[in-house]
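Novice: coords please:
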Amino acid sequence: MSQPRRRDGAVPAVDRAELAWMAGVAGIAAVALVSTLSTHVSLGDAPESVAGVSSVGILHAPGYPVYVAAARLFTWVVPVGSLAWRTNLFSLTCAVLTVVGVFRLARVVGASRAGAAIGAMALALGTSFWFYADFAKHDAFSLLLVVAAMVAIVEWDSGRDLRYLAGGSAVLGLTVGASWQLGALAVPGLLTLVVLGRRRQELVKLLGTAVVAGALTSAAALGYLMVRAGQQPSINWGEATSSSRVVDLLDMRDFSFVNRRLVGLAPRSAERNSSGEGATPLRRLWNYPTLLAREMSVAVLAVAAWGALRWRRRVAPRHAAFLAVTFAVGVLGTAAFVGPANLDGFTTNLVVGGFFGGIFSVVAVWAALGVTDLSSVAAGAVKRRRSSRRSAREDRRRRREGAGRRQPTPSPVTVEALVLGALAVMLLAPSIVVHRAVASHRQPPFADDYATNVFASLPPHAAILTRGGELTFSLLYAQLVKGQRPDVTVVAADSLAASTWYRPQLARRLGVTLPDLPGQGAELAAVAHQLQARGPVYLDMLTTDALRPALGYVARGLVSEVVDGVGPKLPESIADVEQLLGRRYRTDGVYGGGAGRRWPNTFLIGSYVRAHLELARDFNQLGQLDGVATQVGKALSIDPADKTALGIRKALDDTRAKAALPG
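Specialist: Predicted coordinates for the structure are as follows:
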């Protein structure tokens with residue numbers, strides 16, 4: 001059952017030399033990844049993750065309880081620096097361990113040490129892998145669990161005892177509390193490894209061991225989820241206190257673009273395109289070569305294809321089948337569920353790249369095999385040439401006097417080293433040059449500044465309705481982690497409209513009764529008016545955009561105050577609002593900064609654009625065209641491609657041109 005599976009009959013031992021190579025790979029990967037690590041929280045889901053780690057809460061669907069618990073333990077063991085920095089560092093640590101895991105996986109499958117190192121570094125320098133390695137989110141941790149399970153089970157298949165199979169299955173079971181989708185996509189390939197070529201009696205024992213180990217850790221993760229949800233932490237998405245609630249949470253039933261469209265809070269077209277919504281799986285499938293090329297470069301894909309096609313030289317049949325099935329299931333599964341339908345440059349890789357971790361890991365292993373084979377082929381060619389030269393020694397000796405002394409043929413070791421060096425430069429240098437800027441989180445503290453600006457705009461004991469996780473999570477992070485404005489009630493309009501659990505949870509926390517209404521704009525407006533009985537109610541800019549036809553409001557910088565009537569109303573002092581936007585807000589990197597127009601910053605940066613456009617409309621109502629022009633100009637300095645701002649500027653130019661005509 002446990003015979004070594006490599007073609008050469010040898011399983012690479014974890015000796016001092018192997019450990020030295022693993023440490024070297026870890027060190028190089030850490031140096032590269034730490035160069036883009038930020039000391040503050042990024043946007044997207046990162047503020048929610050840090051707030052969840054702080055409160056040991058249940059994050060947005062599917063909850064990620066195992067990730068939160070592991071990150072909380074890490075931040076407790078490493079007590080230096082801010083919680084945001086330590087949570088970012090946890091992701092980096094998981095990413096480095098994943099790179100080491102891929103190195104070991106490639107070695108067990110059949111790659112040389114140098115080939116495995118180059119393949120693992122190709123993964124480390126991939127666009128989305130690098131991005132999530134410095135990002136306070138579950139992706140690096142989830143992929144670490146999957147790769148650790150792969151390594152353990154492949155080690156077992158290559159000669160280790162049954163504990164490796166049980167341990168790998170147990171680790172894979174934990175993915176139910178991280179990214180269960182990523183874990184599920186790895187199951188078919190690992191099952192192929194376990195089942196292929198086994199006797200029936202043996203198979204019952206193996207499958208029983210794997211299923212029991214995985215089921216125990218999955219049950220433990222889900223049990224912890226239910227217990228913690230019942231304790232009502234500050235962040236408690238889904239309130240998964242029963243089996244049906246757990247199923248809804250894992251199914252992400254209230255965390256989909258479909259639900260958002262039903263409530264009139266649909267995401268923009270760019271989001272739909274990035275997610276791949278609306279396209280058939282076959283159409284999405286054709287976009288994968290472009291996504292993979294942006295992730296790991298065309299050169300890496302070419303060498304990986306060579307490694308995959310040449311598997312018979314080095315890889316055992318079961319290992320080859322495991323890699324092929326894992327890749328195929330990963331492509332088909334992600335094509336069916338997460339896209340992409342339309343590729344939006346590197347943004348697509350960053351938005352959906354976390355789901356492709358298993359695919360990227362297989363490509364890295366194939367690349368390691370390709371590098372190993374190419375360097376071996378080059379060394380073999382030199383050996384054959386030297387053998388041929390030795391057999392013709394007498395002929396060369398007779399000709400030496402007339403032809404002069406010839407240069408010696410390089411040794412196979414020298415040629416192999418040169419080939420490995422050339423491949424390392426060809427495969428890794430483009431990623432370092434191109435991917436680093438895309439993946440870097442070293443940018444202004446957009447989330448911190450946005451929360452500070454919004455809270456500075458609100459009076460005591462106000463409520464604010466927010467739209468979109470990027471904005472809601474930033475405010476929750478500032479409250480729960482930094483202790484800012486605990487008197488403000490943050491209401492997630494998306495969840496209020498789309499879920500069955502959030503409305504009663506909010507009502508319980510506020511001590512009020514909220515009507516059980518379907519989540520259309522008019523009903524959300526009614527909830528906003530009902531909350532006015534407790535104090536002033538405000539909207540963020542994206543919620544203002546969505547609810548403009550349903551209620552009255554006065555724009556005050558990054559927020560709008562809900563008032564009687566319908567539509568926008570003029571503020572008491574337009575100069576105060578202009579000063580708020582122009583002088584009082586902290587806006588490092590917002591104006592003229594390219595990083596602000598990149599996911600996941602676009603929602604938040606768009607809020608500043610909307611704020612200037614609301615002020616431009618107020619100036620227009622007063623007939624002050626110079627004020628309109630100034631605010632539109634500021635909006636375009638944030639986002640030069642904003643269609644609304646461009647349309648207003650064109651209308652303004654046309655108006656001025658007509659006014660300048662004689663008669």
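Novice: mind listing the strands for the stretch 351-500 of the chain?
Specialist: 463-466, 489-492 (DSSP state E, counting those that start in this stretch).
Novice: tell me the most buried of those?
Specialist: The highest average neighbour count among the strands of the stretch 351-500 of the chain, using mean count of other CB atoms under 10 Å, belongs to strand 463-466 at a mean of 27. No exception for glycine: its C-beta is placed from N, CA and C like everyone else's.
Novice: by contact count, what packs against it?
Specialist: If contacts are counted by 3 or more CB pairs under 8 Å, 6 or more residues apart in numbering; DSSP states H and E, strand 463-466 sits against helix 469-480, strand 489-492, helix 493-498, helix 521-531, strand 537-540, helix 541-547.
Novice: pull up the pairing partners for the fifth one, direction included.
Specialist: What that stands for is strand 537-540. Paired with strand 537-540 in the same sheet, following DSSP bridges, are strand 463-466 (parallel), strand 559-563 (antiparallel).
Novice: for the following helix or strand past the last one, which outside residues touch it?
Specialist: Downstream of strand 559-563, the next assigned helix or strand under DSSP states H and E is strand 567-569. Counting by CB atoms under 8 Å, 6 or more residues apart in numbering, strand 567-569 makes contact with Arg548, Pro549, Gly552, Tyr553, Val554, Ala555, Val563, Glu614, Arg617, Asp618, all of which sit outside it.
Novice: with respect to Glu470, which of those is nearest?
Specialist: Glu614 (19.2 Å; CB to CB).
Novice: in stretch 322-331, what counts as buried?
Specialist: Phe322, Leu323, Ala324, Val325, Thr326, Phe327, Val329, Gly330, Val331 (16 or more other CB atoms under 10 Å).
Novice: gap between that stretch and the chain center?
Specialist: 21 Å (CA atoms, centre = their mean, to the nearest Å).
Novice: export only the CA atoms of that stretch, formatted as PDB.
Specialist: Below are the C-alpha coordinates for stretch 322-331, written out as PDB (Å, rounded to 0.1, in the frame of the first residue of the first chain):
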ATOM      1  CA  PHE A 322      -4.100  13.900  -9.100                       C
ATOM      2  CA  LEU A 323      -2.600  17.000 -10.600                       C
ATOM      3  CA  ALA A 324      -4.700  16.800 -13.800                       C
ATOM      4  CA  VAL A 325      -7.900  16.200 -12.000                       C
ATOM      5  CA  THR A 326      -7.200  19.000  -9.500                       C
ATOM      6  CA  PHE A 327      -6.500  21.400 -12.300                       C
ATOM      7  CA  ALA A 328      -9.500  20.400 -14.400                       C
ATOM      8  CA  VAL A 329     -12.000  20.400 -11.500                       C
ATOM      9  CA  GLY A 330     -10.600  23.800 -10.400                       C
ATOM     10  CA  VAL A 331     -11.100  25.300 -13.800                       C
END
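Novice: hmm, who's touching it?
Specialist: 109, 150, 154, 185-186, 188-190, 192-193, 285, 288, 308, 311, 315, 356, 358-359, 362-363, 365-366.
Novice: make it 6 Å
Specialist: For stretch 322-331, contacts defined as CB atoms under 6 Å, 6 or more residues apart in numbering pick out Leu185, Pro188, Gly189, Thr192, Leu193, Tyr288, Gly358, Ile359, Val362.
Novice: pull out the buried positions in the helix or strand containing Ser244.
Specialist: Following DSSP H and E, one finds Ser244 within helix 243-251. Neighbour-count burial for helix 243-251, counted by 16+ other CB under 10 Å, picks out Arg245, Val246, Asp248, Leu249, Leu250.
Novice: what's the answer for stretch 641-649, then?
Specialist: Quick answer for stretch 641-649 (16+ other CB under 10 Å): Asp642, Ala645, Ile648, Arg649.
Novice: count the neighbours of the nearest residue to the second one once chain neighbours are set aside for me.
Specialist: Taking CB to CB, 6 or more residues apart in numbering as the measure, Ala645 lies nearest to Ala635, with 4.2 Å between them; neighbours along the chain are not counted. Other residues within reach of Ala635, judged by other CB atoms under 10 Å, total 27.
Novice: what angle do the helix or strand where Ala219 lies and helix 243-251 make?
Specialist: Secondary structure from DSSP H and E places Ala219 in helix 200-230. Helix 200-230 runs at 100 degrees relative to helix 243-251, counting by axes from the mean of the first three to the mean of the last three CA atoms, to 10 degrees.
Novice: which helices and strands does helix 200-230 pack with?
Specialist: If contacts are counted by 3 or more CB pairs under 6 Å, 6 or more residues apart in numbering; DSSP states H and E, helix 200-230 sits against helix 65-77, helix 162-173.
Novice: picking up where we left off before, let me have the contacts of strand 567-569 in JSON lines, extended by distance to Leu475, secondary structure and pLDDT.
Specialist: Putting the contacts of strand 567-569 into JSON lines (distance: CB to CB, whole Å; DSSP: H, G, I helix; E, B strand; the rest coil; pLDDT from 0 to 100) gives the following:
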{"residue": "Arg548", "distance to Leu475": "21", "secondary structure": "coil", "pLDDT": "87"}
{"residue": "Pro549", "distance to Leu475": "25", "secondary structure": "coil", "pLDDT": "85"}
{"residue": "Gly552", "distance to Leu475": "23", "secondary structure": "strand", "pLDDT": "92"}
{"residue": "Tyr553", "distance to Leu475": "18", "secondary structure": "strand", "pLDDT": "95"}
{"residue": "Val554", "distance to Leu475": "20", "secondary structure": "strand", "pLDDT": "95"}
{"residue": "Ala555", "distance to Leu475": "18", "secondary structure": "strand", "pLDDT": "95"}
{"residue": "Val563", "distance to Leu475": "22", "secondary structure": "strand", "pLDDT": "93"}
{"residue": "Glu614", "distance to Leu475": "19", "secondary structure": "helix", "pLDDT": "94"}
{"residue": "Arg617", "distance to Leu475": "25", "secondary structure": "helix", "pLDDT": "93"}
{"residue": "Asp618", "distance to Leu475": "25", "secondary structure": "helix", "pLDDT": "93"}
